[in-house]
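J.: Only the shape, not the letters, is given here:
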């Protein structure tokens, strides 16, 4: 697969990389960046708004607490508290499947798309009010002045977060986001925004991987980019003919 190869190369080229992960869940389940964070000397923020998951996230990074800072907020367009939807186990009922534990979003309709896979779905659906901050405000509060990696998994809200990036001030070298819940318009708009800002992109599974090729930090990665995609039977290049 191409995604892990990108992270391996990033860790080799930038062993002291700075990262932010939005929608970090419990820090383990279906997490594409955890293994690299744990075995590297990367420093950064893992952001998760759901209190139950945040407690697990903090525990799972306890051994790396000098490098990894858990942040219990949701990334949104303002600092106003907002309604957040997620699924949670209910006493006396069957446990949710593991994948369902990771569903959390501002967009109720995204959660409801999974109703046919969970008997008595409505009893598991929870709504909570969560504290919110913009991405830049979180970075400012934690003195993040350069981003080597931004990883986003917010069940359909990913583009709203990407739109907050000030590419002139702090463009991430690598961005990973989940495109799975995008409609066609959002999918295309996100690709256009990132390509306009100098990113090479490929899709693999539910996620899109992006590398800012014009960034000097990319020098040791960009020469491998097309090879990673070509060797992976899981990845689909996005607009690469424009950048080759």
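T.: On my side now, so go ahead. These numbers come from a predicted model, not from an experiment.

J.: From the rest of the structure, what touches the lowest-mean-pLDDT helix or strand in the chain?
T.: One helix or strand of the chain scores below all others by mean pLDDT, DSSP states H and E: helix 98-101, with a mean of 84. Identification of contacts with helix 98-101 by C-beta atoms under 8 Å, 6 or more residues apart in numbering yields 25-26, 29-30, 53, 87, 114, 117-118, 124. Backbone N, C-alpha and C define where each C-beta goes, glycine included.

J.: residues making contact with the next helix-or-strand element following that helix?
T.: Downstream of helix 98-101, the first helix or strand assigned by DSSP states H and E is strand 104-105. Residues from elsewhere that reach strand 104-105 (C-beta under 8 Å, 6+ apart): 23, 25, 49-50, 53, 84-87, 111, 154-157.

J.: again, 10 Å this time
T.: Applying C-beta atoms under 10 Å, 6 or more residues apart in numbering, the external contacts of strand 104-105 come out as 23, 25, 48-50, 53, 74, 84-88, 110-111, 126, 128, 130, 153-158, 181.

J.: Tell me which residues touch the residue nearest the centre of the chain, please.
T.: The centroid of the chain falls nearest to residue 152 when counting by C-alpha atoms, centre = their mean (1.6 Å). With contact set as C-beta under 10 Å, 6+ apart, residue 152 has these partners: 20-23, 47, 75, 135, 158-162, 175-178, 207-208.

J.: In helices, which of those residues fall?
T.: 135, 158-162 (DSSP state H).

J.: coming back round to it: are any of the contacts of helix 98-101 buried, and which?
T.: 25-26, 53, 87, 114, 118, 124 (16 or more other C-beta atoms under 10 Å).

J.: wait, which of those is closest to residue 36?
T.: Nearest to residue 36 among the buried ones among the contacts of helix 98-101 is residue 25, at 16.1 Å by C-beta to C-beta.

J.: sorry, back to before: can you pick the most crowded of the ones in helices among the contacts of residue 152?
T.: residue 158 (27 neighbours; other C-beta atoms under 10 Å).

J.: out of everything not next to it in sequence, what's closest to that one?
T.: residue 177 (4.2 Å; C-beta to C-beta, 6 or more residues apart in numbering).

J.: Check the gap between the one you found and residue 96 for me.
T.: 25 Å (C-beta to C-beta, to the nearest Å).

J.: Looking at these two, which has the bigger crowd around it?
T.: Comparing residue 177 with residue 96 by neighbour count (other C-beta under 10 Å), the higher total belongs to residue 177, at 26 against 17.

J.: Dig out what the more buried one forms beta bridges with.
T.: Note on residue 177: beta-bridge partners residue 152, residue 208, judged by DSSP bridges.

J.: you'd agree it is up against residue 159?
T.: Yes - if you go by C-beta atoms under 10 Å, residue 177 and residue 159 touch, sitting 7.7 Å apart.

J.: Pull up the overlap in contacts between these two.
T.: With C-beta under 10 Å, 6+ apart as the test, residue 177 and residue 159 both reach 152, 190, 194.

J.: Who are the contact partners of residue 175?
T.: Residue 175 sits in contact with 147, 149-152, 158, 161-162, 165, 194, 197, 199, 201, 208-212, where contact means C-beta under 10 Å, 6+ apart.

J.: Let's see that with 7 Å instead.
T.: 150, 199, 210 (C-beta atoms under 7 Å, 6 or more residues apart in numbering).

J.: which SS state does the residue located most distally from the centre of the chain fall under?
T.: Computed with C-alpha atoms, centre = their mean, the residue of the chain farthest from its C-alpha average is residue 92, at 32.9 Å. Of the three states, residue 92 takes coil according to DSSP: H, G, I helix; E, B strand; the rest coil.

J.: quick one: pLDDT of the residue nearest to the centre of the chain?
T.: We have a pLDDT of 97 for residue 152.

J.: All set now, cheers.
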